[in-house]
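Colleague: quick one: sequence and predicted model below, then my questions.
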Amino acid sequence: MSQCSFSPQANAGIRPIRFKQGVLSLLDQRKLPVEEVWLDYTDDQDVAEAIRSMVVRGAPAIGITAAYGAYLGACKIETDDALVFADEFDKVCENLNATRPTAVNLAWALDRMKRLVRANLNQPPINLKIGLEYEANAIADEDICINQAMGQHGEKLIPAQARILTHCNAGALATGGYGTALGVVRAAVTAGKQVMVLADETRPFLQGARLTAWELQRDQIPVTLICDNMAGYLMSLGGVDCVIVGADRVAANGDVANKIGTYSVAVLAKEHNIPFYVAAPLSTIDLSLADGSEIPIEQRDIREVTHIGDTQLAPEGVGVFNPAFDVTPARLVTAIITERGIAQGDYSSRLKELAGKGR
Ligand code: MRU
């Protein structure tokens, strides 16, 4: 996509990543909702640490951040030889790519940056650096257009009045702006539908309680927070009309890796005959993996489970399992919403078709 075909909307949400005059500014998502702190970065190693430590999180957002990090790393490479530059740039990208393994948007964005260099080896490094800044800005700007396009497609699946359950944060904060799952909600609001969001708190990192609740409240979209273990009861009471989540990686057969706990929500939705939708840009779809069993699942620090902030919840030395993501089998997914249309039924052929369209 070379140009954005959507104009800015009133409820587009916050843009959590800014880049101006060589400085990358990230809204520190570890501090929300209590404090709104922006951190500035000029060094790729620091950007890598920001991704690892979740200053910025969410699949598209870490892709965009990595692209800017790669540009900052490129600026430090001192050579007039394009081939030497390309090899050094690969190392910068490798370091950024090693930060978080599950969300494929990270590798997708870095591959795009590397491709630009390899396709222009006839240019001096000074020009390659200019091209890389342009490419990182394009990745960031396109992301918002893609999310708005997903919103346009996905909103058609939402009834005129809907109580929508979501897990984790797949909103403006997880992207360049607007959001994937919450982008569909925003589009439904713009279309005049009466929607409200039920936000799972999303233990252990609390993306739902801290981030989804914050951004929806900020944009005056009705939101009710629930603990993760309340979703089944709420569904049994008839209190959920549909579920929409984002994704970190979708395999070729439609299996979906997303925040830990997503699989449990999908099983509950199936039991209660509630549609379970996934909103994912094509950059999240990994056709190189046959199914979800091949998706690498990030394991995170046990302290995320044993503590909340500095408060210890569990006894010292207790065994802890802390996978950051799980895989929802395609058979539990009612539809996958992309920027080029909706996949339903036979995901293998439809995802391939959507990914191929317009390329
Ligand atoms: O660990 P996180 O907060 O990066 O996990 C984020 C998610 O699982 C999101 O649902 C996913 O990245 C989609 S964001 C549009």
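Modeller: Everything's here; your move. Numbers count the residues shown, from 1 in each chain.

Colleague: list the contacts of whichever residue of the chain sits closest to the ligand.
Modeller: In the chain, the residue found nearest to the ligand is Gly246; the distance is 2.7 Å by CB to the nearest ligand atom. Placement of C-beta: from N, CA and C, glycine included. The neighbourhood of Gly246, defined by CB atoms under 8 Å, 6 or more residues apart in numbering, consists of 58-59, 168, 170, 174, 179-181, 258, 278-280, 284.

Colleague: those: which ones sit near the ligand?
Modeller: Contacts with the ligand are made by Gly58, Ala59, Cys168, Ala170, Ala174, Thr180, Asn258 out of the contacts of Gly246, judged by CB under 6 Å from any ligand atom.

Colleague: make TSV out of those residues and add secondary structure and neighbour count.
Modeller: Below are the ones next to the ligand among the contacts of Gly246 laid out as TSV (DSSP: H, G, I helix; E, B strand; the rest coil; neighbours: other CB atoms under 10 Å):
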residue	secondary structure	neighbour count
Gly58	coil	30
Ala59	helix	27
Cys168	coil	29
Ala170	coil	33
Ala174	helix	31
Thr180	coil	32
Asn258	strand	29
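
Colleague: give me the most central residue, the chain.
Modeller: Most central in the chain under CA atoms, centre = their mean is Ala59, positioned 2.8 Å from the mean C-alpha point.

Colleague: before we move on, which element is Ala314 in?
Modeller: Ala314 is part of no helix or strand when elements are defined by DSSP states H and E.

Colleague: can you give me the neighbour number for the nearest residue to it once chain neighbours are set aside?
Modeller: Among residues not flanking Ala314 along the chain, Thr306 sits closest, at 4.3 Å (CB to CB, 6 or more residues apart in numbering). Residues lying near Thr306 (other CB atoms under 10 Å) number 18.

Colleague: what's the answer for Ala119, then?
Modeller: Ala119 - counted by other CB under 10 Å - has 10 other residues nearby.

Colleague: contact partners for the nearest residue to Ile17 once chain neighbours are set aside?
Modeller: Spatial nearest neighbour of Ile17, chain neighbours left out: Ile64 (5.4 Å); criterion: CB to CB, 6+ apart. Ile64 makes contact with Ile17, Ala109, Ala136, Ile139, Ala140, Asp143, Thr175, Gly176, according to CB under 8 Å, 6+ apart.

Colleague: same thing with Ile226?
Modeller: Leu198, Ala199, Asp200, Glu201, Leu234 are the contacts of Ile226 under CB under 8 Å, 6+ apart.

Colleague: hang on, Val117 packs against Leu128?
Modeller: Yes: counting by CB atoms under 8 Å, Leu128 is a contact partner of Val117 at 5.5 Å.

Colleague: okay, the two: which has more neighbours?
Modeller: The neighbour count for Val117 versus Leu128, taken as other CB under 10 Å, is higher for Val117 (26 against 19).

Colleague: show me which residues of the stretch 101-250 of the chain sit near the ligand.
Modeller: Ala103, Cys168, Ala170, Ala174, Thr175, Thr180, Gln207, Gly246, Ala247, Asp248.

Colleague: work out for me the element the first one sits within.
Modeller: Translated: Ala103. Counting by DSSP H and E, Ala103 is found in no helix or strand.

Colleague: Pro60 versus that one, what's the distance?
Modeller: Noted for Ala103: a distance of 8 Å to Pro60, by CB to CB, to the nearest Å.

Colleague: cool, and the fifth one?
Modeller: Distance of Thr175 to Pro60, given as CB to CB: 4 Å.

Colleague: shared neighbours of these two, anything?
Modeller: Asp143, Asn147.

Colleague: of these two, who's got more company?
Modeller: Pro60 (34 against 31).

Colleague: averaged pLDDT, stretch 62-73. What do you get?
Modeller: Stretch 62-73 shows a mean pLDDT of 98.

Colleague: make 46 the first number, not 1, from now on.
Modeller: With 46 as the first residue, the last one maps to stretch 107-118.

Colleague: how far does it sit from the chain's center?
Modeller: Computed by CA atoms, centre = their mean, to the nearest Å, the separation of stretch 107-118 from the middle of its chain amounts to 15 Å.

Colleague: quick one: is that stretch near the ligand?
Modeller: No: residues of stretch 107-118 are not located near the ligand by CB under 6 Å from any ligand atom, the shortest gap being 6.6 Å.

Colleague: output that stretch as CSV - backbone C-alpha positions only.
Modeller: The C-alpha coordinates for stretch 107-118 follow below in CSV (Å, rounded to 0.1, in the frame of the first residue of the first chain):
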residue,chain,number,x,y,z
ILE,A,107,6.5,-3.3,17.9
GLY,A,108,6.9,-3.7,14.1
ILE,A,109,6.8,0.1,13.7
THR,A,110,9.1,0.7,16.6
ALA,A,111,11.6,-1.8,15.3
ALA,A,112,11.6,-0.1,11.9
TYR,A,113,12.5,3.3,13.6
GLY,A,114,15.0,1.5,15.7
ALA,A,115,16.6,0.0,12.6
TYR,A,116,16.8,3.5,11.1
LEU,A,117,18.5,4.8,14.2
GLY,A,118,21.0,1.9,14.0
